[in-house]
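> give me a 3D structure for the following:
(2 chains)
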Amino acid sequence: AQKVTQAQTEISVVEKEDVTLDCVYETRDTTYYLFWYKQPPSGELVFLIRRNSFDEQNEISGRYSWNFQKSTSSFNFTITASQVVDSAVYFCAPRTGTASKLTFGTGTRLQVTL
Amino acid sequence: SQTIHQWPATLVQPVGSPLSLECTVEGTSNPNLYWYRQAAGRGLQLLFYSVGIGQISSEVPQNLSASRPQDRQFILSSKKLLLSDSGFYLCAWSGGVSYNSPLHFGNGTRLTVT
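Now for the predicted structure:
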């Protein structure tokens, strides 16, 4: 069985702090992609970044960085120098080669305050 | 560029009334199409997905149905709404079955059943 876990329900940080969001995907599949989405208070889901399961090299895109540890099936998503506009619910969602669909985690609500 | 349109943005319907939500995609052909639902304060639940005209896969048994009468049109329907059908409905598309393709979401329809 496949399971995606976002253990952090809510995180509060002060602006300019770095914040890391955790996602663990347990699966027997060896190749898959994991996607991160942002849902601001307005409700739309915005695609942020994707990461495959076969490359452990860290990636950085602007203020976002991405770390995958294969041994623990852990995908950590870090926002550097957080801003108030980063306040949103963040979802991770895996997708495997055998499925046409995305299965979403329960989300982590990030609150960035001044 | 590809765009996705979903309407209406908000809808208030009485219990037992019918429902029709429409979603259209522009700028691409033969997309995968999806309907997700998000209950208040909860994660996203996949309701239906379609890999082609007339091909619908149902994920959750319920009083909702979906249809794909045209390549880039996806419709969510119900003959009689229940209170439990209230929620935020999101339509999405992806470029084919490749598992590295992200889903791109519409702005959503907030449905309240009274």
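> the lowest-mean-pLDDT helix or strand in chain A pairs with which strands, parallel or anti?
Lowest by mean pLDDT, DSSP states H and E among the helices and strands of chain A is strand A:59-61, with a mean of 76. Strand pairing for strand A:59-61, using DSSP bridges, gives strand A:64-69 (antiparallel).
> helices or strands next to the helix or strand following the partner strand in the packing?
Remark: after strand A:64-69, the chain's next helix or strand is strand A:74-79, criterion DSSP states H and E. Counting by 3 or more Cβ pairs under 8 Å, 6 or more residues apart in numbering or on different chains; DSSP states H and E, the packing neighbours recorded for strand A:74-79 are strand A:19-26, strand A:46-52, strand A:64-69, strand A:88-96. For every residue, glycine as well, the C-beta is placed using N, CA and C.
> re the thing from before, what are the contacting residues of the least confident helix or strand of chain A?
A:49, A:51, A:65, A:66 (Cβ atoms under 8 Å, 6 or more residues apart in numbering or on different chains).
> again with stretch A:36-49
A:21, A:23, A:35, A:50, A:59, A:61, A:64, A:66, A:77, A:87-93, A:104, A:107, B:44, B:88, B:90, B:92, B:102-108, B:110.
> kindly recompute the last result at 6 Å.
With contacts defined as Cβ atoms under 6 Å, 6 or more residues apart in numbering or on different chains, stretch A:36-49 is touched by A:64, A:66, A:77, A:88, A:89, A:90, A:91, A:92, B:102, B:105, B:107, B:108.
> just the buried residues out of the residues you listed, in ChimeraX syntax.
Selection of the buried residues among those in ChimeraX, burial being defined by 16 or more other Cβ atoms under 10 Å in any protein chain shown:
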select /A:64,66,77,88,89,90,91,92 /B:102,105,107,108
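> from the contacts of stretch A:36-49, which single one is nearest residue B:78?
Closest approach between those and residue B:78, by Cβ to Cβ: residue B:108, at 17.0 Å.
> write out the residues of chain A neighbouring chain B.
Listed as neighbours of chain B in chain A under the rule Cβ under 6 Å from any Cβ of the partner chain: A:33, A:35, A:43-45, A:47, A:50, A:95-97, A:100-102, A:104, A:106-107.
> quick one: contacts for the residue lying closest to residue A:67 once chain neighbours are set aside?
Take residue A:67 and drop its neighbours on the chain: the residue closest to it by Cβ to Cβ, 6 or more residues apart in numbering or on different chains is residue A:76, 4.5 Å away. Neighbour list for residue A:76: A:20, A:22, A:67 [criterion: Cβ under 6 Å, 6+ apart].
> what's the answer for residue B:38, then?
Counting by Cβ under 6 Å, 6+ apart, residue B:38 touches B:44, B:87, B:88.
> hmm, try it at 8 Å
Taking Cβ under 8 Å, 6+ apart as the test, what residue B:38 contacts is B:44, B:45, B:87, B:88, B:89, B:90.
> now it, which residues is it bridged with?
On the basis of DSSP bridges, residue B:38 is bridged to residue B:44, residue B:88.
> and the contacts of residue B:38 as CSV, adding neighbour count and pLDDT?
Below are the contacts of residue B:38 laid out as CSV (neighbours: other Cβ atoms under 10 Å in any protein chain shown; pLDDT from 0 to 100):
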residue, neighbour count, pLDDT
B:44, 25, 91
B:45, 15, 91
B:87, 20, 94
B:88, 18, 95
B:89, 22, 96
B:90, 25, 96
